[in-house]
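> Show me the folded form of this:
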Amino acid sequence: SRDVTPLFSKLLNKMRKPAIEIFRDNYEILWCACFSMAAYSSSAKEASACLEALGMMEHDVQLDSTLSRFDSRLFHCEPHMFLAQMTHRPTGGRALVCAVRGTSSISDGLIDALGVPVRHQFRNGTSCCFHLGMYEIAMLLWQDLRAQIAAFFASGHRVLRFCGHSLGGGIASILTVLAIDEFSRDYDIAAYCFAAACSMDLNAPHQDRITTVVYGNDVVPRLSVGAIASL
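Numbering: from 1, shown residues only. Below is the predicted model of the structure:
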């Protein structure tokens with residue numbers, strides 16, 4: 001972990017033992033937790049160092065530098081995420097992983113504040129409401145991700161995972177629904193998120209493919225426009 005920044009060193013010391021103890025029996029939740037932590041990196045090099053310190057490189061992780069976006073500025077317009085491929089042990093094939101960073105800048109906080117519901121129409125004619133700020137970021141990411149995912153599936157692979165913490169978890173959840181709507185439930189598409197911010201209403205499809213890990217009485221995954229309005 002010597003190549004990891006001081007901030008990540010503290011995070012690793014604090015999180016590694018609990019993560020292993022809590023998620024030891026769930027392989028996918030464990031490595032999605034690692035990717036969600038690495039999404040807070042300010043560069044691809046730092047993300048790689050974080051994943052290495054967490055023991056993820058034994059899964060032959062390869063970061064996609066063309067679509068990965070890292071930024072350490074306080075104000076930035078680009079959504080912060082990275083894309084990687086890794087060995088998927090349960091199937092023996094490859095998995096494509098998209099990790100989205102949570103709130104870490106003033107611009108991210110403004111995205112959180114855009115809690116107005118926006119309606120999205122799906123291919124089968126149904127619809128649901130998403131959190132406006134997270135939806136706009138998800139759609140911006142989706143413009144680039146769609147072609148990459150299509151190429152990945154066309155090469156014979158079938159496993160796609162989205163993950164993220166807090167704001168990143170909310171965006172990852174929306175991306176999961178968009179991906180399943182685009183490519184169908186026949187592919188192994190799912191999300192593992194951590195304290196994910198509320199990003200969709202109860203009518204959203206494919207919620208059975210989204211798992212959110214909530215710690216204790218954490219308010220973030222329980223806070224929604226409806227919850228605030230009822231206070």
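> after the helix or strand where Leu141 lies, next one along is what?
In this structure, Leu141 sits in helix 132-154 according to DSSP states H and E. Note on helix 132-154: by DSSP H and E, the next helix or strand toward the C-terminus is strand 159-165.
> same for that next one, what does it pack against?
helix 27-38, strand 93-100, helix 132-154, helix 167-183, strand 188-194 (3 or more CB pairs under 8 Å, 6 or more residues apart in numbering; DSSP states H and E). All C-beta spots, glycine's among them, are computed from the backbone N, C-alpha and C.
> so where's the protein shaky on pLDDT?
Flagging of the chain using pLDDT under 70 yields the residue ranges 1-25, 65-79, 105-114, 218-231.
> how many other residues sit next to Glu58?
Glu58 has 9 neighbours, counted by other CB atoms under 10 Å.
> Tell me which residues touch it, please.
The contact partners of Glu58, by CB atoms under 8 Å, 6 or more residues apart in numbering, come to none.
> re earlier: list just the one of the helices and strands packed on strand 159-165 that sits closest to Leu202.
Evaluated over the helices and strands packed on strand 159-165, closeness to Leu202 peaks at helix 167-183, with 12.9 Å, by CB to CB.
> what's the spacing between the closest one and its chain's center?
8 Å (CA atoms, centre = their mean, to the nearest Å).
> next one: stretch 143-162
Worked out by CA atoms, centre = their mean, stretch 143-162 lies 15 Å from the chain centre.
> Could I have the CA atoms of that stretch written out in PDB?
Extracted C-alpha coordinates of stretch 143-162, given in PDB (Å, rounded to 0.1, in the frame of the first residue of the first chain):
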ATOM      1  CA  GLN A 143     -23.800   7.700 -24.000                       C
ATOM      2  CA  ASP A 144     -20.300   6.400 -23.700                       C
ATOM      3  CA  LEU A 145     -21.000   3.100 -21.900                       C
ATOM      4  CA  ARG A 146     -23.600   1.800 -24.300                       C
ATOM      5  CA  ALA A 147     -21.200   1.000 -27.100                       C
ATOM      6  CA  GLN A 148     -18.500  -0.400 -24.800                       C
ATOM      7  CA  ILE A 149     -21.000  -2.800 -23.200                       C
ATOM      8  CA  ALA A 150     -22.400  -3.800 -26.500                       C
ATOM      9  CA  ALA A 151     -18.900  -4.700 -27.700                       C
ATOM     10  CA  PHE A 152     -18.200  -6.600 -24.500                       C
ATOM     11  CA  PHE A 153     -21.300  -8.700 -24.900                       C
ATOM     12  CA  ALA A 154     -20.700  -9.200 -28.600                       C
ATOM     13  CA  SER A 155     -17.300 -10.800 -27.700                       C
ATOM     14  CA  GLY A 156     -19.100 -13.600 -25.800                       C
ATOM     15  CA  HIS A 157     -19.000 -12.200 -22.300                       C
ATOM     16  CA  ARG A 158     -22.200 -12.000 -20.200                       C
ATOM     17  CA  VAL A 159     -21.400 -10.500 -16.800                       C
ATOM     18  CA  LEU A 160     -21.800  -6.700 -16.200                       C
ATOM     19  CA  ARG A 161     -21.600  -5.100 -12.800                       C
ATOM     20  CA  PHE A 162     -22.200  -1.600 -11.600                       C
END
